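Engineer: Take this sequence and fold it.
(one chain, ligands or ions: 1)
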Amino acid sequence: MRSVIDILDLSVEELDELLAVAQDIIDNPEKYQNACAHKKLATLFFEPSTRTRLSFEAAMYELGGNVLSVTGGNTSSVAKGESVADTAKTVSCYADIIAMRHPKEGAALVAANNASIPVINAGDGGHCHPTQTLADLLTIKREKGGFDGLTIGLCGDLKFGRTVHSLINAMSRYRDIRFILVSPEELKLPSYVKNETLKKYGLPYVQTNDLLEHLPEMDVLYMTRVQRERFFNEEDYLRLKDTYVLTPDKLKTAKSDLCIMHPLPRVNEISVAIDNDPRACYFKQVLNGKYMRMALILKLLKEAAV
Ligand code: CP
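Structural biologist: All right, here's what the predicted structure looks like:
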């Protein structure tokens, strides 16, 4: 059974196909309004979410399907100690596809290995968030026209930011990509992402703690929140949380067509004064996420039916 746990589970050709379907959904929504009639999506969210859960649910409703939902660890038998494996086997009896968010790295893979229906990883701890990456890719494609030759700045919590890890993996497969990794020392990109992706594929990158130094070179600036929930020590979080706050004055040296992104939720990383700047793309990402999740649900249900 085909599941999507990591963005690398999808080939570049499949990403192209998903991007094309998402664009077709945007252009011709009526074509898709009954595409998932009588199908059920189970959203199992054992960690807080606004965008990912609601966009999956909106996606399924707009495809004419239905939704079963578990939110929070206290409203299901997980609170009684039921395992992820047993939960996945059980939900397979009721639904046609699962989207699952869980605080533990690897939980989505365990669910996929035990479910008899497709499982989509909607975020597993600090590991991966492939459908956020689908939203990011559609946003970059619509804003920049394509992926090759881009200089991408990633700023903030590069250690725990699972959206950063997934985006680096996805972008590493396009041509002439360059990364500028901006973080405090304590929140640098994990060495496994550096070794298994950046170094392995010989991708040029700069590591710095100075956002302004390299801002003029960037085509995309991907800001991230410091992930409070993954810190062991509140003092460290409080010390690091406002290291980077993007304000209009800091954008003076940026390109006029810079694409400013953020997976959201935003805490303090981007001033609201930037929201009306034409370069602000973070709410476009939110909407694009729904279209890409529609395309992914369609693809996995179609493959499961064969
Ligand atoms: N970007 C993202 O995953 O947002 P939520 O946590 O609100 O789902």
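Engineer: Now for the residue in the stretch 51-200 of the chain positioned nearest to the ligand, how many residues are close by?
Structural biologist: Closest approach between the stretch 51-200 of the chain and the ligand, counting by CB to the nearest ligand atom: residue 52, at 3.2 Å. C-beta coordinates here come from the backbone N, C-alpha and C atoms, glycine included. Residues within reach of residue 52, counting by other CB atoms under 10 Å, total 24.
Engineer: from here on, count from 799
Structural biologist: Sure, I'll start counting at 799 from here, so that last one is residue 850.
Engineer: Just to check, it is in contact with residue 921?
Structural biologist: Yes: with contacts counted by CB atoms under 8 Å, residue 850 reaches residue 921, the gap being 6.4 Å.
Engineer: what do the two both touch?
Structural biologist: Residues touching both residue 850 and residue 921 (CB atoms under 8 Å, 6 or more residues apart in numbering): 899, 927, 930.
Engineer: where along the protein do the helices fall?
Structural biologist: 810-825, 849-860, 882-889, 905-912, 928-942, 960-969, 989-991, 1009-1012, 1032-1038, 1080-1103 (DSSP state H).
Engineer: Which of those helices sits closest to residue 1020?
Structural biologist: Closest to residue 1020 of the helices of the chain is helix 960-969 (CB to CB; 6.6 Å).
Engineer: Can I get that closest one as CSV, trimmed to CA atoms?
Structural biologist: Extracted as CSV, the C-alpha positions of helix 960-969 are listed here (Å, rounded to 0.1, in the frame of the first residue of the first chain):
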residue,chain,number,x,y,z
ARG,A,960,10.7,19.6,10.2
THR,A,961,9.4,21.7,7.3
VAL,A,962,13.0,22.9,6.7
HIS,A,963,14.3,19.3,6.5
SER,A,964,11.6,18.3,4.1
LEU,A,965,12.0,21.4,1.9
ILE,A,966,15.8,20.9,1.6
ASN,A,967,15.2,17.3,0.6
ALA,A,968,12.7,18.3,-2.1
MET,A,969,14.7,21.2,-3.5
